[in-house]
Every structure is written in structure tokens, then in C-alpha cells.
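In: Take a look and give me a structure for this.
(chains A and B)
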Amino acid sequence: MRINGAIALVILAGTPVWAHRLDEYLQNTIVSIEEDRVQAEMILTPGVAVFPKLISEIDTDGNGVISREEQQAYAQRVLNDLFLAIDGHRLNPLLVSMQFPPIEEMKEGRGEIELDFMSDLPRGERNRRLTLENHHERAIAAYLVNCLVPRDPAIRIAAQHRNYTQSAYELQYEDSGVAPATSSLSFWVGGLRWLLAGAVLVAASLVFRRRRRRDPVSAAGAW
Amino acid sequence: MKSARIFRASALMVLSLSSAFGQAATQRIVKAANTFLATLDAKQKQTVMSAFDDEQQRKRWSNLPTSFVPRGGVSLKEMTEAQQTAAMALVSVALSPRGYEKVLQIMEADEVLKTSEGNGGGTGGPGRGRSGGPPQAGRGDGTPPSGRGDGPPPMNGNGRGRGPGGGGANFGKDLYYISILGTPSEKSPWILQFGGHHLALNITIAGEQGILTPTLTGAQPALYTSNGKTVRPLGQESDKALALLNALDENERKKAILGSRMADLVLGPGQDGKTIQPEGLKASDMNEKQQAMLLDVISEWAGIVHESAAAARMAELKADIRDTWFAWSGPTSAAAGSNITAYYRIQGPHLVIEYAPQELGGDPALHVHTMYRDPTNDYGRKLVAK
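Out: Numbering: from 1, shown residues only, chains lettered A, B, ... in the order given. Got it, this is the predicted structure:
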């Protein structure tokens, strides 16, 4: 009742009455990159005005309680609305943990749903590209997406690109801990170069020894 | 050789003077804390005090009104006038005069909000008495603000009355809470928390050092009139950042301005201990004047705490300046005398500052949240770990 009054005031007077989100669904995602996995934390904060729509999608039986099954189903829906890929290959994020606030808190625009998910990363090249697209409730969403500074010093973030709404995010990073992939052409080209350099050194050494044997004085003088 | 000796001696003198000033400030803060605690009854004292490592209490702060996110400690509303005076004297002595003034202006903004919104549509009648004049800054030197209508935010006549709107209070300058984690000491670390709607000061006192992070400041309305004067509690944060943006050349602006919308704080309440990848323009690509302007923006947060702690903090941030980043998102101009409606972030090895206007159905220039962190030393963790 109090909330409805507040919204009416906002609409009528055009001034903010409440100190919290109203007509948007804030979705703040923070990504964390490790050598072999990507983890992410999503904090979802429904605004007061969008709460009725969202709660009907979360509390699907409408009994006023968000059961464990309903939490699980909603979290999975959010994950299904994400597109996560590494170097162009789609990943399947797995839900690691979830926390739902009491419905009353969400009704007042201060409740935060917290979802943690992760995905293993297949081995790849030194320079990698992670893509995250969030399509969840895009009509009412206010997206934020960022990346934590990697804990692993071998991983260096090269660039972050986002579209205006932050529904699409690309993270370019370098993993200097990655050994060169043995099947790649560059590995063979590089290997051949080293082989060639080694052969030249051996040949030079043989020529040098032969000359020393023939001319011991000049060879000693050279030292 | 001689000049090296003189330099060493001067450096030692500066260090010892700074340490002496820090120690003197700590002595004053501890004295003010004990004076405040002495005014409380046993029950209040128990409510105000908690263990230094009480993680739950550390995190009990928010940008939201206290009716939404209950704070620990005791509110000014629950105190007698003498207790309020002692509480605000403690806050005053822990802050610089400008920092204290900023805090009072934030609280006053909440009082304006309460008056304009009828305190959340409560059902009570008009409050008893009336608010005194706008609170003014104390001297920040340990002397409690004195005189009528001065210093502690005047409550409602007797300091315990209710404001307009009565029950269901969401806003008002009496809804600010004080709590102490640990025991006030000149040697052992302890934390002074003071906050409510749009304000969360977490001040760790560790010997001669004072750490103000994490701290949230905000204001709604972020521009109001008091005694015929226009007040913008976070006006300098807005104006100085815009001046810096305008001092950048085209290439620098291209780097600084992010192409995406920043809808809110990224590292707001509940996001302790995280360091996100910095973005924007690195200060190593700025000229000296621009770097000085950036430091001046930073000083709006670093300078909230008392002067000797602020000086030490500014020295640390100045040393980091070349590794500090400035990023901007949103409109690149503001109406004269108004706040910017753009988000900006300043981030360095020991710093995260976010300035985030709130698009909550009204003019974002009138509703601002800001966050100030040291990801390496929030709640003085680095000092305690030593």
C-alpha cells in the first residue's frame, strides 16, 4: 500500500520519493577469469515497479513463498538467457550457488538475488576472447558487467568491450602460462627455426675445430 | 653529502611531525569516544559497542534508508541532547572541517527529503517542535561544536520528538546511527561507524593512522536551499570531475569516456574485497596539471577524514597517481550550478572511487551515490595484518 502510494507520487509529481530502484531490473555481473575456468557473480535487483511482473515468474505457484525448486528453476532460466563463449566456442555455465531475499525485501526494491555460476575453460591459445551476452528480461534490464583483476599473475586483461546497454560484453585477455599448442602451425614453424639455428651452430663449431687442428698457433693467439 | 644529510633529516622531521600529528589526532578521537560512551546507559553502551572483528556489524551499512536496512548502534533519535552532542563531537573530531560539513549537509538533505515527502507517507501528525537551523560544521579539532543551532543536528525541540509524518520514519537527520567496533584506544585498532540514508562512514583508527574506507556518501536532494543558500553536498565531486574532463584533449577524452551506460555503482554495499579491472584514461597519459586535477577530485573523498590521516592518504595516492585511471560514462556537460548526470570512476592500486547519479524516476542530478574504497585496506585490514 505504502509502495503503491510512493509510485503514484513519483508518477504524479515526477520526483523521486524512494531511494531505491523503481522501473528497472539491475543485473550486475562480475566475471572472474582463471587459467582453466571462468566464474561469475550476478546480483539481480528488481525495482519496485517491475516486481509484480518478476515475482509471478519466480513464485510460479503464487503461494507467496519462493520454494527451493522455484529458486532453482528461476536461476536456470537466468542462465539459459546468457550466452557465454570462449574463443567463439559456446560454454555451458553451471549454477554454483544462489541466494534469494525474502519477498518483502524485493517488494520494497531492496532485495538482491545472488547467483554464482562457473564454467570450465578448454585449453586454448595465449590470447583469448571471452564473450558474455545477457538477454535476461531485456525490456526492463539495467545491465552492468565487469571483470575482477585476475589473481593469477600469468593472466593479463588486454581489453574489455561492451555495447551501450552492457548486454553484450567481450573480454580479451592473455594467458602467458599457456604452453604453445603442439598441433599448431606456429609451433612447427618455430621448432624448425630452432632446429636450423642448432644445425648452423654445430657446423660452425666443426669448422672452427678443424681450423684449430691445422693452425694451433693462430688459434691460441686468438684467445 | 651535506645536502643528503639535510634531506634525510628533513624527511625524518616530516615523518615524525606527521606521526606526532596523527598521534595527537588519535588522542583527541579516543578522548571524544570515551566522553561519548560515558554519556550512555548500560543498555545503550551494549548496543553501540561490538567486537572489532564483528564482520556482520562491519557490513551493516547501506545507501538505503535505515528502515529498509537496519544499522547497528544507537541512532541520534534515540539519544538525549547531551548524548547527541557527544556523538557528533566524536564524529567531528574524526573528520576534517570540510568532511564534517559534508556529512552534515548529507544529513540535512535527508531532512529536506523527509519534509518534502512526509517521511514515507507515515500516518502520524505533525511532529512536536521543529528542527533547528541547519547543522554547521564543528571545528574538527576536538572541540565539540558549540552555540545554538550549531554542531549536532538539532532534532525536534527536545531531541527526541518526531518529525512530520510521524510513524514509519524513512528519512530525517535524526536517523543516523553510531557504533564502535573494538575499544577506543590510542594503540589497538578500533572502528567508528556513523551512517544512515546516503551515508556510511567506516573509520578505522589504528595508532596514529586513520582509514576511512569503505565509505559511502550520497545525497537526495543533491541540491537544496538552506537559509537562502544553495547547498550541494557533493557539488565539488561533480564540478572538479567535470573540470578534469574538460581539461582533456580529444584523444584523452576518447580513452576516458566509456561507450556504455553505467546504471549504478559497481562496487557498492556488499561488494567488499573486490578489485575490478580499471578502465578509461590512465593518469600516466595525463600531463602534470591534469594529474593535479585528478588528485584534487580524489581529495574530496580522501579529505573527509581528519587532516593528518588525510595527508598520509593523499601522499599514498599521489605516489600511485601514474597507475590511477579515470573513466567517465554519460553526458559531458552540466547545467550551470547543477550536478553532472554522468557516472565516473577513479581507480588506482589503493583506490576505487565511484560517482553514480541515480536514475530512479527523477532528475539524476538531484540524487547521487558515491563509493570510496581501498581494496587493499578496507576496514584497516592491511594495518591489522601487520
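In: pLDDT score for the closest residue to B:Trp190 other than its chain neighbours?
Out: Excluding its sequence neighbours, the residue lying closest to B:Trp190 (Cβ to Cβ, 6 or more residues apart in numbering or on different chains) is B:Gly182, at 3.3 Å. (C-beta placed from N, C-alpha, C; glycine too.) pLDDT recorded at B:Gly182 is 97.
In: And for B:Gly361?
Out: pLDDT, B:Gly361: 66.
In: go on, B:Pro65?
Out: pLDDT, B:Pro65: 89.
In: ok, it - how many residues close by?
Out: Neighbour count for B:Pro65, taken as other Cβ atoms under 10 Å in any protein chain shown: 25.
In: pLDDT weak spots in chain A?
Out: Counting by pLDDT under 70, chain A shows low-confidence ranges at A:1-21, A:179-223.
In: which residue ends up closest to the midpoint of it in space?
Out: A:Val31 (4.0 Å; Cα atoms, centre = their mean).
In: can you give me the strands in chain B?
Out: Secondary structure of chain B (DSSP state E): strands at B:49-50, B:74-75, B:177-181, B:190-196, B:199-206, B:209-211, B:215-219, B:224-226, B:229-231, B:281-282, B:325-329, B:343-348, B:351-357, B:368-373.
In: mind giving me CSV with those and columns for mean neighbour count?
Out: Converted to CSV, the strands of chain B look like this (neighbours: other Cβ atoms under 10 Å in any protein chain shown):
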stretch, mean neighbour count
strand B:49-50, 20
strand B:74-75, 20
strand B:177-181, 24
strand B:190-196, 25
strand B:199-206, 25
strand B:209-211, 24
strand B:215-219, 26
strand B:224-226, 15
strand B:229-231, 13
strand B:281-282, 20
strand B:325-329, 23
strand B:343-348, 25
strand B:351-357, 25
strand B:368-373, 26
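In: circling back: contacting residues for the residue nearest to B:Trp190?
Out: B:51-52, B:188-191 (Cβ atoms under 8 Å, 6 or more residues apart in numbering or on different chains).
In: one more time with 10 Å
Out: Shown in contact with B:Gly182 (Cβ atoms under 10 Å, 6 or more residues apart in numbering or on different chains): B:49-54, B:188-192, B:204-206.
In: do B:Ala334 as well
Out: B:238-239, B:242, B:340-342, B:365.
In: again, but for B:Phe52
Out: B:58, B:180-183, B:185, B:188-191, B:204, B:379-380, B:384.
In: Between all of those residues, which two are at the greatest distance?
Out: B:Arg58 and B:Ser185 (17.6 Å; Cβ to Cβ).
In: The two: which is more packed in?
Out: Comparing B:Arg58 with B:Ser185 by other Cβ under 10 Å, the one with more neighbours is B:Arg58, at 21 against 15.
In: which residue sits closest to that one, ignoring its sequence neighbours?
Out: Nearest non-adjacent residue to B:Arg58 (Cβ to Cβ, 6+ apart): B:Tyr379, at 5.7 Å.
In: what's that neighbour in contact with, if anything?
Out: Here B:Tyr379 is in contact with B:52-53, B:55, B:58-59, B:181, B:189, B:191, B:193, B:202-204, B:211, B:213-214, B:272-273 (Cβ under 10 Å, 6+ apart).
In: What of B:Leu192?
Out: Listed by Cβ under 10 Å, 6+ apart, the contact partners of B:Leu192 are B:29, B:32-33, B:36, B:73, B:90-91, B:93-94, B:178-182, B:184, B:201-205, B:210.
In: same check, this time on A:Leu171
Out: A:31, A:33, A:38, A:86, A:128-132, A:145-147, A:157-162, B:277.
In: Which of the contacts of B:Ala334 fall in helices?
Out: B:238-239, B:242 (DSSP state H).
In: ok, so of those, who is nearest A:Gly64?
Out: B:Ser238 (43.2 Å).
In: hey, where'd the helices end up in chain A?
Out: Under DSSP H, chain A gives helices at A:2-13, A:51-58, A:68-80, A:103-107, A:185-214, A:216-222.
In: Same question for the stretch 201-350 of chain B.
Out: Assigned by DSSP state H, counting those that start in this stretch, the helices in the stretch 201-350 of chain B fall at B:235-246, B:250-256, B:288-302, B:307-319.
In: Please name whichever of the ones you listed is nearest to B:Ala24.
Out: helix B:307-319 (7.6 Å).
In: Provide a list of residues in contact with B:Asp285.
Out: B:Asp285 neighbours (Cβ under 10 Å, 6+ apart): B:248, B:251-252, B:255-256, B:291, B:322, B:325-326.
In: which among those residues end up buried?
Out: B:248, B:252, B:255-256, B:291, B:325-326 (16 or more other Cβ atoms under 10 Å in any protein chain shown).
In: Adding distance to chain A and pLDDT as columns, could you present the residues you listed in a markdown table?
Out: Output for those, formatted as a markdown table (distance: Cβ to the nearest Cβ, whole Å; pLDDT from 0 to 100):
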| residue | distance to chain A | pLDDT |
| --- | --- | --- |
| B:Leu248 | 20 | 98 |
| B:Glu252 | 18 | 98 |
| B:Lys255 | 12 | 98 |
| B:Ala256 | 15 | 98 |
| B:Gln291 | 22 | 98 |
| B:Trp325 | 12 | 98 |
| B:Phe326 | 16 | 98 |
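In: of these, closest to B:Val103?
Out: Closest to B:Val103, out of all of the buried ones among the contacts of B:Asp285 and judged by Cβ to Cβ, is B:Phe326, at 25.6 Å.
In: just to revisit the earlier point, now for the buried ones among the contacts of B:Asp285: which two are most distant?
Out: B:Lys255 and B:Gln291 (14.8 Å).
In: and which of the contacts of B:Ala334 is nearest chain A?
Out: Comparing the contacts of B:Ala334 against chain A with Cβ to the nearest Cβ places B:Ala365 closest, at 11.5 Å.
In: What sits closest to the closest one if chain neighbours are left out?
Out: The shortest distance from B:Ala365 to any non-neighbouring residue, by Cβ to Cβ, 6+ apart, is to B:Asn339 (4.3 Å).
In: in terms of contact, does that neighbour touch B:Val231 like I think?
Out: No - using Cβ atoms under 10 Å, B:Asn339 makes no contact with B:Val231, being 11.8 Å away.
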